[in-house]
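Novice: Any chance you could fold what I've pasted below:
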Amino acid sequence: MCGINGIYGLLPGNDGAARIDQMNRELAHRGPDAEGSFHKGPIHLGHRRLSIIDLSASANQPMTDPSGRYTLVFNGEIYNYKQLRKSLSDYNFISDGDTEVLLVGLIRYGRKFLKECNGMFAIALWDSHKEELLLARDRLGIKPLYYARTNENLVFSSEIRAILKSGLIPGELNENVVGDYLRYQTVHGTNTILKGIFILPPAGVMHFSDSDIQISTFWNLVSDMESGVSSLNYDDTKILIRERLEKAVERRLIADVPMGAFLSGGIDSSAIVALASKHVDRLKTFTVTFQEDEYSEAHYANLIAEKYNTDHTEVKLTPQTLLDDLPAAIKAMDHPTGDGINTYIVSKMAKSQGITVVLSGLGGDELFAGYPIFKQFYALGNKGWLMSFPKFSRALGGSMLKMARPGVASSKIKQIITEDYLDLENVYQYSRELNSRKEIEKLSRKGLRARNAVFNLVKEGVGFGNPGYNLPKLSRVSYAELVTYIQPVLLRDSDQMSMAHALELRVPFLDHELVGAVMAVPDKFKYPASPKKLLVESMGDLLPTEIVNRPKMGFSFPWDSWMRNELKDFCGDNLVMLGKHEAFNGEAISKSWNAFLKNDPDVTWMKIWPMCVLQAWMIENGIK
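Specialist: Numbers count the residues shown, from 1 in each chain. So this is what the prediction gives:
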């Protein structure tokens with residue numbers, strides 16, 4: 001795991017080398033073990049290394065082949081590199097890691113080799129003969145790769161902040177996506193919160209030369225799913241899912257450094273720990289607990305730790321601990337988010353215990369129908385009669401429900417039943433919505449500059465008329481979760497907040513072979529009549545009944561209480577400053593903050609916190 005940088009384009013004198021050095025310094029937290037740079041013709045490449053596999057200097061980057069034609073910088077891991085190396089056995093390898101395997105494979109087979117790679121990666125390969133650059137990103141978008149263009153240059157990096165440090169791209173707020181951020185605490189698609197800086201899409205491949213630029217993809221979540229799975233009976237489906245998950249975990253245990261796992265005591269993290277413990281004696285596990293009992297998962301985590309004899313570490317987090325860590329967490333944030341500080345805290349704890357690689361249960365809920373939206377959308381198939389009523393009647397019914405049960409949930413129901421259709425894109429857009437369209441129009445002077453990004457992504461992928469529309473209903477919801485929540489929120493947060501501590505985070509549930517199988521499973525086998533039924537029953541007796549039937553909590557901090565007390569000044573000060581920005585309405589922000597402080601059920605902490613973070617992040621990074 002590392003950080004990569006690059007600038008394509010002619011620069012005067014030593015200007016390019018100085019800019020790459022500055023970008024490398026900005027990524028020092030991602031790779032404290034080694035630093036390297038490369039310059040030839042119009043290309044400058046930079047690399048910071050976190051040594052995971054083959055700790056010797058022979059695996060350092062940038063890595064150039066013996067001919068001197070090709071040079072690679074690479075962030076991530078190729079888990080099946082040993083098998084791939086056997087297929088390249090006629091090559092005289094000088095290192096024992098995955099970087100050289102990736103370099104040789106790309107030289108021989110080009111972008112086709114990416115389809116053979118199981119892993120998480122962001123890649124830049126330079127061909128000095130053709131003066132062509134290839135950029136690529138893994139299938140599920142686990143590792144980020146940002147880029148920006150000027151009239152003369154292409155600049156790319158593992159982090160936005162390093163692009164800013166190149167001095168070639170100004171840091172300006174992208175006002176066109178402010179509404180997207182306020183609505184979903186992130187920015188979707190290839191856009192970022194900054195003007196002119198983009199992210200390569202998952203499975204994206206960019207070919208760049210002086211005369212041409214092409215962006216394509218080498219894998220698709222819909223067309224590359226394992227269609228044969230749909231014909232299996234339930235027992236065979238369970239066997240397949242268990243085998244795929246076991247293999248996914250086993251692959252991610254390859255490392256030459258200490259390894260551990262995050263353990264909340266929920267189904268997903270418990271499944272990962274159970275399977276990893278079959279291969280690792282006394283696996284190190286980590287849990288964050290709170291003095292507020294309703295948020296603490298210590299009991300369940302300890303249950304799994306004892307069952308699998310893990311070396312368990314439990315750290316109780318207090319409001320003061322968070323206050324002490326908050327400035328550093330904001331500083332570590334590469335892209336603003338309302339959700340990432342959780343990962344920052346638990347990653348810091350794991351690193352302090354000498355861990356360099358950690359397994360996470362991220363993705364289990366989204367793949368195995370672990371959220372209410374799965375049942376809700378499935379049930380809507382029997383409620384088509386709602387649409388026979390005039391829209392004003394449905395709106396009246398929604399208003400009456402909201403009066404009877406004030407709060408965010410009722411507001412969302414009202415919006416859903418007044419849609420023209422109950423298709424997934426119409427319904428799902430409200431699932432993870434923080435602020436409604438009307439609220440955003442008040443909070444932001446720029447309003448919503450484009451149609452709902454979540455609506456568009458879901459419609460284009462699994463909406464009527466698109467190939468994904470024929471997926472099982474629950475898999476269509478999984479698609480929506482993957483492309484609008486996992487990729488732009490959870491994976492971005494996991495990368496930036498774990499790598500802030502030079503900690504590599506691996507996600508077995510997002511192994512593409514497992515994902516491709518689960519997406520093809522029929523609804524009748526995956527319907528959550530009990531919590532994540534297919535996953536639990538595939539695990540057999542590895543999960544205790546108490547874990548399976550425990551109340552669902554999720555890993556969350558007591559933000560509601562803390563923001564009204566210990567974090568009140570931090571929030572209030574940042575909201576005042578945000579309100580002075582020309583893109584925002586200070587009066588509306590102030591009203592929303594005051595309503596939250598008065599316990600208005602329509603104004604939750606989740607509506608407020610992302611705005612606080614955005615302002616603090618803009619100050620930290622000098623954003624105009």
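Novice: give the contact list for the residue positioned nearest the centre of the chain.
Specialist: Ranked by distance to the mean C-alpha position of the chain (C-alpha atoms, centre = their mean), the top residue is residue 491 at 1.3 Å. The contact partners of residue 491, taken as C-beta atoms under 8 Å, 6 or more residues apart in numbering, are 140, 141, 142, 362, 507, 510. For every residue, glycine as well, the C-beta is placed using N, CA and C.
Novice: and if we set it to 6 Å?
Specialist: Going by C-beta atoms under 6 Å, 6 or more residues apart in numbering, residue 491 touches 141, 142.
Novice: Residue 201: neighbouring residues, count only.
Specialist: For residue 201, the number of neighbouring residues by other C-beta atoms under 10 Å comes to 18.
Novice: measure it to residue 115 for me?
Specialist: Per C-beta to C-beta, to the nearest Å, residue 201 is found 16 Å from residue 115.
Novice: same question, residue 146
Specialist: Remark: distance between residue 146 and residue 115 (C-beta to C-beta) = 24 Å.
Novice: okay, the two: which has more neighbours?
Specialist: Higher neighbour count among residue 146 and residue 115: residue 146, with 23 against 13, using other C-beta under 10 Å.
Novice: which residues touch the nearest residue in space to residue 532 that is not next to it in sequence?
Specialist: Among residues not flanking residue 532 along the chain, residue 368 sits closest, at 4.2 Å (C-beta to C-beta, 6 or more residues apart in numbering). For residue 368, the contacting residues are 532, 534, 535, by C-beta under 6 Å, 6+ apart.
Novice: Next, the contact list for the first one, please.
Specialist: Which is residue 532. The contact partners of residue 532, by C-beta under 6 Å, 6+ apart, come to 267, 368, 370.
Novice: Could you dump those into a markdown table and include pLDDT, secondary structure and distance to residue 77?
Specialist: Listed next are those as a markdown table, based on pLDDT from 0 to 100; DSSP: H, G, I helix; E, B strand; the rest coil; distance: C-beta to C-beta, whole Å:
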| residue | pLDDT | secondary structure | distance to residue 77 |
| --- | --- | --- | --- |
| 267 | 95 | helix | 25 |
| 368 | 97 | coil | 24 |
| 370 | 94 | coil | 26 |
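Novice: Residue 111: which of those residues is nearest?
Specialist: residue 368 (31.7 Å; C-beta to C-beta).
Novice: burial of residue 320, as a residue count?
Specialist: Using other C-beta under 10 Å, residue 320 has 9 neighbouring residues.
Novice: Give me the phi and psi for it.
Specialist: Backbone geometry at residue 320, expressed as degrees, to the nearest 10, gives phi -70, psi -40.
Novice: Distance of the closest residue to it other than its chain neighbours relative to residue 612?
Specialist: Once flanking residues are discounted, residue 320 sits nearest to residue 566: 7.1 Å by C-beta to C-beta, 6+ apart. Counting by C-beta to C-beta, the gap from residue 566 to residue 612 is 13 Å.
Novice: who's more crowded, these two?
Specialist: Shown here are residue 566 and residue 612; by other C-beta under 10 Å, residue 612 has more neighbours (24 against 16).
Novice: check contacts around the more buried one.
Specialist: By C-beta under 6 Å, 6+ apart, residue 612 lies in contact with 571, 574.
Novice: I'd like the average pLDDT over whichever strand or helix holds it.
Specialist: Here residue 612 sits within helix 605-621, counting by DSSP states H and E. Averaged across helix 605-621, pLDDT comes to 95.
Novice: Would you map out the domains in this structure?
Specialist: If you go by automatic domain parsing, the domain ranges for the chain are 2-217, 227-368+480-548, 559-624.
Novice: Could you point out which of those sits nearest residue 452?
Specialist: It's domain 2-217; of the domains of the chain, that one is closest to residue 452 (C-beta to C-beta) at 7.5 Å.
Novice: Return the distance of that closest one from the chain's centre.
Specialist: Relative to its chain's centre, domain 2-217 lies at 18 Å (C-alpha atoms, centre = their mean, to the nearest Å).
Novice: so how far is the first residue of that domain from its last?
Specialist: One end of domain 2-217 to the other measures 23 Å (C-alpha to C-alpha, to the nearest Å).
Novice: Turn the domains of the chain into TSV, including distance to residue 437.
Specialist: Shown next, in TSV, are the domains of the chain (distance: least, C-beta to C-beta, whole Å):
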stretch	distance to residue 437
domain 2-217	8
domain 227-368+480-548	16
domain 559-624	13
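Novice: What residues sit buried inside the helix holding residue 612?
Specialist: Burial within helix 605-621, assessed by neighbour count using 16 or more other C-beta atoms under 10 Å, is assigned to 605-618, 621.
Novice: just stretch 358-376 next, same as before
Specialist: So stretch 358-376, judged by 16+ other C-beta under 10 Å, has buried residues 358-371, 373-374.
Novice: Now the host helix or strand of residue 460: average pLDDT?
Specialist: Element membership for residue 460, per DSSP H and E: helix 453-462. Mean per-residue pLDDT for helix 453-462: 95.
Novice: next one: that helix to chain centre, how far?
Specialist: Remark: helix 453-462 is offset 18 Å from the chain centroid, using C-alpha atoms, centre = their mean.
Novice: Against which helices or strands is it packed?
Specialist: helix 424-428, helix 473-481 (3 or more C-beta pairs under 6 Å, 6 or more residues apart in numbering; DSSP states H and E).
Novice: Give me the helices and strands touching the last one, please.
Specialist: Taking 3+ C-beta pairs under 6 Å, 6+ apart as the contact definition, the neighbouring helices and strands of helix 473-481 are helix 364-367, helix 372-380, helix 453-462, helix 523-526.
Novice: Apply 8 Å and report the result again.
Specialist: If contacts are counted by 3 or more C-beta pairs under 8 Å, 6 or more residues apart in numbering; DSSP states H and E, helix 473-481 sits against helix 364-367, helix 372-380, helix 424-428, helix 453-462, helix 523-526.
Novice: A helix includes residue 439, no?
Specialist: Yes: under DSSP: H, G, I helix; E, B strand; the rest coil, residue 439 sits within a helix.
Novice: pretty sure the residue nearest to residue 320 contacts residue 324?
Specialist: No: when contacts are counted by C-beta atoms under 8 Å, residue 566 is not listed as touching residue 324 (10.8 Å).
Novice: so where's the stretch 251-400 of the chain shaky on pLDDT?
Specialist: Scanning the stretch 251-400 of the chain for pLDDT under 70 picks out the ranges 291-296, 381-400.
Novice: Sort out which residues of the helix holding residue 460 are buried, please.
Specialist: Of the residues in helix 453-462, 453, 454, 455, 456, 457, 458, 459, 461, 462 count as buried by neighbour count, 16+ other C-beta under 10 Å.
Novice: My guess is the second one contacts residue 429. True?
Specialist: Yes: with contact defined as C-beta under 8 Å, residue 454 counts as touching residue 429 (4.8 Å).
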